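Trainee: Here is a sequence together with a model predicted from it:
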Amino acid sequence: MTMTCTPAAHRCHPIDSQHNDCQPMPNQGNKTLDQIRAELLATFSAADWKSYNHLVGWLRETDMASRALKVGYEAPDFLLPDADGRLHSSKQLRRDGPLVLSFFRGGWCPFCTAELCALQAAKDEFESVGATLAVVTPETRNLPRQLKRSLGLDLKVLSDVDYEVAMSYGVLFQVPDETKAHYSGLGFDFGARHGSPTWMLPIPATYVIDTGGRVRSAFVEPDFTIRAEPAQILASLRQAASTSL
């Protein structure tokens, strides 16, 4: 069984596994991601809250975010397939301008789909300052293609095969048993979605990487409901451009 989210209420409901299990485009309008976050949190059940508090608390207690790649460091190079199987290298992506690289958990997560829709809406602004935008997910098979079609995305959605890129950026963690039990109960099988027997997820993170491969800004947040606003990313891009003159 897979899950989808109705646009009106952003709530997850089980659907037949033969259907598209990506999240439909949220009705975001001019709302910020913080406003959408508040609306989504208002739909949480008691079980959702328990799982959320456990996962975020565990990530903070273990200080997972401290392992993430930091500003000033060299970004690891990578070669990843997009939703259509074409390979993209990080060197090529940042060849003509800075690269905005955002790690997200998957199309099953409404906070991720809200972020993707916001990035899509801001894509022209990113390109106007010479930046390339790419998003990275652990999901494989046809899931990235289904996600793009479902959300109407014109973004580079890259599959992090075997979790290697998230691991090299220090944002990968093994899903704790309590969280695994909660998501399994909702009908999710990350092993099948990721093509790996080990359940791993990235901490949502957004990096601005300059043409030389150096990290100019980093947003890493253990609370998966909080994402970088496009306006924040644009401000980081402009600041990076001004300091490189």
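Mentor: Happy to help now that I have it. Here the structure is a predicted model, which means the values were calculated and not measured.
Trainee: which residues touch residue 205?
Mentor: Residue 205 is in contact with 68, 102, 103, 169, 171, 218, 219, 220, 221, counting by Cβ atoms under 8 Å, 6 or more residues apart in numbering. All C-beta spots, glycine's among them, are computed from the backbone N, C-alpha and C.
Trainee: will you turn those into TSV that also has secondary structure, neighbour count and pLDDT?
Mentor: Compiled in TSV, the contacts of residue 205 are given as follows (DSSP: H, G, I helix; E, B strand; the rest coil; neighbours: other Cβ atoms under 10 Å; pLDDT from 0 to 100):
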residue	secondary structure	neighbour count	pLDDT
68	coil	23	98
102	strand	23	98
103	strand	25	98
169	coil	26	98
171	coil	24	98
218	strand	22	97
219	strand	18	97
220	strand	22	97
221	coil	17	95
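Trainee: Give the single residue among these positioned nearest to residue 149.
Mentor: residue 102 (19.4 Å; Cβ to Cβ).
Trainee: Show me where the protein has its helices.
Mentor: 33-41, 46-61, 90-93, 110-121, 123-128, 143-151, 164-168, 177-185, 190-194, 230-243 (DSSP state H).
Trainee: And those: which comes nearest residue 209?
Mentor: Nearest of these (Cβ to Cβ): helix 90-93, 7.5 Å.
Trainee: And that closest one, how far out from the chain middle?
Mentor: 19 Å (Cα atoms, centre = their mean, to the nearest Å).
Trainee: Please apply the same query to stretch 208-218.
Mentor: 18 Å.
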